[in-house]
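S.K.: Here you go, sequence then predicted model.
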Amino acid sequence: MIVAGAAGVPGGGRTVTFALVALLVCVILGITVWARARTADAVDFYAGGRRFSGPQNGLALAGASVSAASFLGVGGIVALSGYDGFLYATGLLAAWPPALLVAERMRNLGRFTMGDVLAARTAHGPPVRIAAAVATATVSVCALVAQMVGAGALAGLLFGVRPGVRGHGLPAGTAEALAIVVAGALVICCVMAGGMKGTTWVQIVKVALLMAAAAVMTLLVLARFGFDPARLLGAAARAAGGGHAFLEPGTRYGRAIAGHPARTLDGELDTLSLALALVLGTAGLPNVLARFFSVPNARAARRSVNWAIGLVGVFCLMTLVLGFGAAALVGRPRLLARDPAGNTAVPQLARELGRHAAGPAGGDVALAIAAVVAFAAIVAVVAGLVLAASTSLAHDYFGHVLMLGRPRERQELAVARFAAFLITAVAVPLAVAARGLNVAFLVALVFAVAASANLPAIVCALFWRRFNGAGAVAGIYGGLVTAVVLVVFSPVVSGRVDPATGRSLSLFPRGVDFHWFPLDNPGLVSIPAGFLCAVAGTLLSRERAGGERFARLTVRALTGVGAPRPGRP
Amino acid sequence: MVAGSGPSPRHRADLRDHARYVAIRHDERFAALKRKTRRLAILTAVLFPGWYLLYVVAAEFARRVMTYRLLGVLNVAVVSGLLQFAVAFVIAWRHGRYCREVLDPLAAQIVGDAERSVRWGARRRLTAAGQGGALVLSRGPGGEGSR
């Protein structure tokens, strides 16, 4: 087996891969040029002119969950840990019904950002907008560094040559850095020139590609087992060697540790914490929130969430099949040899399926396609994050705080474009520096901050009459600080050591240990803390509640009277 | 313009929105709409995340139940995992249908009536202004004629 040995893609496959990457770059640049010609003003840049239809926006919205992280990550978890992949896959889906609650109201109340919606609840906008911009930027930067490190790792695993192994191609480190830089350059072009229109169409193309690739692979896997899912599950359990434990909870999340009931409980609570952050965090992700403003009306916003639920559900079901397929067809030893974390399980499965269908050349082409689709997915998600962060900085901070709500539109757009450039230009070297480090803490942070800083403020602003600006500020900073502090002092940052090899499993090397919080995911504590701070901030401040303001906003939220329409900013 | 609360070309549209807003607020059907959306929101917010969290808690703390084998390789854990998907789809479908069949028509009715009452009120005020009366916009037409 060549895969387990030297370079990921040998000889002919490498040419195909480079050709596909070149094609992908051309498609993204083509979309960018097309979008640039159709982006004239702020509504175009921030919200695509609010002219996306429900299904279009739904496809792009689903892109937040239908991503490389879920295609490769969930597939890998299922392939190695079996049933526990279910918990993660269903979590990705369970996050979307709550979005139904906020989508329509957000669409009617805000113009471009979460800051708009929160500031509408108070007479003193600037502090609220600064808080919203800080939370948005924190989530976006963490998420996009994590995504870019993922892009590098993918390229390194697939095209790179491991140290100590001889073969053609780039050293793994160079391949990783190159992939990160290429992704960054594409994102800068796409966001600066194409704005929301460019970003959305790249996202739509990516979701279509990913769904198509997953669908074809799912059919091929099921065909190998006579379209009988039970046979697939049985074969996967047998190949994994764990027997029926492979199809039962507890192989990865909340693993029982003999003789350590407290540590077992920590593991179980950690799973619950992760689930809570996933379910409540997705609706608070900035790249998801930004999409609620890019449709003509509340009805289209609701339809787009319904489309997203359908797409994400089908996609998660397919990744489950792919994961079990990888366990059954590729086998655990080969998966572990390539990547102990399992992130290459799906590309390896693609190669296995391709080779079974069309010989070794078919295997190489299938692997190349799977890898390029995953790369496209990373570029699209990063573009969405950069756009959301630069929109918030330009619109909330520059427009409404520095310029007191009266900037020239051209100034604000120039700031947004410059912010997009700056954010990406900072994130690329960060990601290059962070490759090789364990960036699990970034992923934990993204969902935890989105769920504990953004969501409490949004929920209170939409549903609580008494809520005010002080509550919004307290809720955002309270949730943000709690989540960040708990992650810094958790085992993902320091103090976890692999008992077998003695190597550090944390961000810091072995020997550095300042952790005291037992869970990897802080959601279980930080989400209630965010809500508590929002409530306490509201009740303790002297700011008037503004019942009249709330009544007015309720009319607007439920009927759309006075809400921004396409063609009218 | 990107923003601005001062006089702008949108000023007239804003006044019109204000009048419609006043009319809607005094419409009894709006209270019903509010009640119905709130009930739907609570139902969706509690049902689905609740069902998912129950599933996660069961997977963590009720392993005995979850590992009970039903049929061949299928155990309670796998079946309830698949049920998650079914429930999400059903909730999204029912939610969409309720909005389409109940909430949207009700909101459209309320807005349509408010629109008519605002037009009617504006015409009456213009006539009054023509006869030398003051143009009072801040009070708006109230709920009259909205039903």
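M.R.: Structure received.
S.K.: Now do the SS call for residue A:561.
M.R.: Secondary structure, DSSP: H, G, I helix; E, B strand; the rest coil: residue A:561 is coil.
S.K.: Identify the residues contacting it.
M.R.: The neighbours of residue A:561, taking CB atoms under 8 Å, 6 or more residues apart in numbering or on different chains as the test, are A:555, B:17, B:20-21, B:24, B:111, B:114. In this view, the C-beta of every residue, glycine as well, is placed from N, C-alpha and C.
S.K.: again, only this time at 10 Å
M.R.: Applying CB atoms under 10 Å, 6 or more residues apart in numbering or on different chains, we find residue A:561 in contact with A:108, A:552, A:555, B:16-21, B:23-24, B:107, B:110-111, B:114-115.
S.K.: How about residue A:536?
M.R.: With CB under 10 Å, 6+ apart, residue A:536 has these contacts: A:470-471, A:474-475, A:478.
S.K.: Closest one of those residues to residue A:35?
M.R.: Proximity to residue A:35 was ranked across the contacts of residue A:536 by CB to CB; first place goes to residue A:475, at 35.4 Å.
S.K.: what is the mean pLDDT for the helix ranked longest in chain B?
M.R.: Looking only at chain B and at elements set by DSSP state H, the helix with the highest residue count is helix B:28-61. Mean pLDDT, helix B:28-61: 86.
S.K.: What residues sit buried inside it?
M.R.: In terms of neighbour count (16 or more other CB atoms under 10 Å in any protein chain shown), helix B:28-61 has its buried residues at B:30, B:33, B:36-37, B:40-41, B:44-45, B:48-49, B:51-53, B:55-56, B:58-60.
S.K.: Of those residues, which ones also sit close to chain A?
M.R.: Filtering those for neighbours of chain A using CB under 10 Å from any CB of the partner chain leaves B:30, B:33, B:36-37, B:40-41, B:44-45, B:48-49, B:51-53, B:55-56, B:58-60.
S.K.: so where's chain A shaky on pLDDT?
M.R.: Judged against pLDDT under 70, the low-scoring parts of chain A cover residues A:1-13, A:157-170, A:242, A:253-259, A:545, A:567-569.
S.K.: quick one: the residue positioned nearest the centre of chain B from residue A:210, how far?
M.R.: To find the centre residue of chain B, average its C-alpha atoms and take the closest one (CA atoms, centre = their mean): that gives residue B:37, at 5.2 Å. The span separating residue B:37 from residue A:210 equals 34 Å under the rule CB to CB, to the nearest Å.
S.K.: Check residue A:283 too.
M.R.: With CB to CB as the criterion, residue A:283 and residue A:210 are 21 Å apart.
S.K.: on that earlier part again, just give me the closest of the contacts of residue A:561 to residue A:382.
M.R.: For residue A:382, the nearest member of the contacts of residue A:561 is residue A:108. The distance, counting by CB to CB, is 29.2 Å.
S.K.: Quick check: pLDDT value at the residue of chain B positioned farthest from its centre.
M.R.: Relative to the mean C-alpha coordinate of chain B, counting by CA atoms, centre = their mean, the farthest residue is residue B:72 (45.7 Å). Taken from the predicted model, the pLDDT recorded for residue B:72 is 74.
S.K.: Could you find the closest non-adjacent residue to it?
M.R.: Once its chain neighbours are removed from consideration, residue B:72 has its nearest residue in residue A:230; the separation is 5.3 Å (CB to CB, 6 or more residues apart in numbering or on different chains).
S.K.: Give the buried residues for the helix or strand hosting that neighbour.
M.R.: In this assignment (DSSP states H and E), residue A:230 forms part of helix A:229-240. Neighbour counts using 16+ other CB under 10 Å place A:229, A:231-237, A:239-240 of helix A:229-240 among the buried residues.
S.K.: Return only those of the residues you listed found close to chain B.
M.R.: Of the residues in the buried residues of helix A:229-240, proximity to chain B by CB under 10 Å from any CB holds for A:229, A:231-237.
S.K.: Go through these and name the one nearest residue A:422.
M.R.: Proximity to residue A:422 was ranked across those by CB to CB; first place goes to residue A:236, at 46.4 Å.
S.K.: which residues of chain B score low on pLDDT?
M.R.: Residues of chain B that meet the criterion pLDDT under 70 lie in B:1-13, B:122, B:124-147.
S.K.: For it, which segments count as helices?
M.R.: With DSSP H as the criterion, chain B has helices at B:11-25, B:28-61, B:63-66, B:76-98, B:104-130.
S.K.: elements contacting the helix holding residue A:230?
M.R.: Using 3 or more CB pairs under 10 Å, 6 or more residues apart in numbering or on different chains; DSSP states H and E as the contact criterion, the secondary-structure elements in contact with helix A:229-240 are helix A:75-81, helix A:172-224, helix A:298-329, helix A:332-338, strand B:74-75, helix B:76-98.
S.K.: Could you check these and tell me which one is nearest residue A:379?
M.R.: It's helix A:172-224; of these, that one is closest to residue A:379 (CB to CB) at 5.2 Å.
S.K.: Now do that closest one: distance to the chain's middle.
M.R.: Relative to its parent chain, helix A:172-224 has a centroid offset of 13 Å by CA atoms, centre = their mean, to the nearest Å.
S.K.: Please see if it touches chain B.
M.R.: No: no part of helix A:172-224 sits near chain B under the criterion CB under 10 Å from any CB; the closest distance found is 14.3 Å.
S.K.: Hey, what's the angle from that helix to helix A:298-329? Just curious.
M.R.: In terms of direction (axes from the mean of the first three to the mean of the last three CA atoms, to 10 degrees), helix A:172-224 departs from helix A:298-329 by 90 degrees.
S.K.: Please work out the angle formed by the directions of helix A:172-224 and helix A:229-240.
M.R.: Orientation of helix A:172-224 against helix A:229-240 (the same axes, to 10 degrees) gives an angle of 130 degrees.
S.K.: Okay, and the most centrally placed residue in chain A sits in which element?
M.R.: Among the residues of chain A, the one closest to the centroid is residue A:64, at 5.3 Å (CA atoms, centre = their mean). With secondary structure defined by DSSP H and E, residue A:64 is part of neither a helix nor a strand.
S.K.: Quick one: residues contacting it.
M.R.: Listed by CB under 10 Å, 6+ apart, the contact set of residue A:64 reads A:70, A:92, A:95-96, A:99, A:143, A:203, A:207, A:282, A:285-288, A:291, A:308, A:312, A:380-381, A:384-385.
S.K.: Now with 7 Å, please.
M.R.: Residues counted as contacts of residue A:64 (CB atoms under 7 Å, 6 or more residues apart in numbering or on different chains) are A:282, A:285, A:287-288.
S.K.: Please apply the same query to residue A:269.
M.R.: A:519, A:524.
S.K.: That one belongs to a helix?
M.R.: Yes: Residue A:269 sits within a helix when classified using three-state DSSP.
S.K.: Residue 102: what's it in contact with?
M.R.: You didn't pick a chain, so chain A it is. Under the criterion of CB under 7 Å, 6+ apart, the contact partners of residue A:102 comprise A:283, A:458, A:462.
S.K.: Please refer instead to chain B.
M.R.: Neighbouring residues of residue B:102 by CB under 7 Å, 6+ apart: residue B:36.
S.K.: So it versus residue A:104, what's the distance?
M.R.: Using CB to CB, residue B:102 is found at 14 Å from residue A:104.
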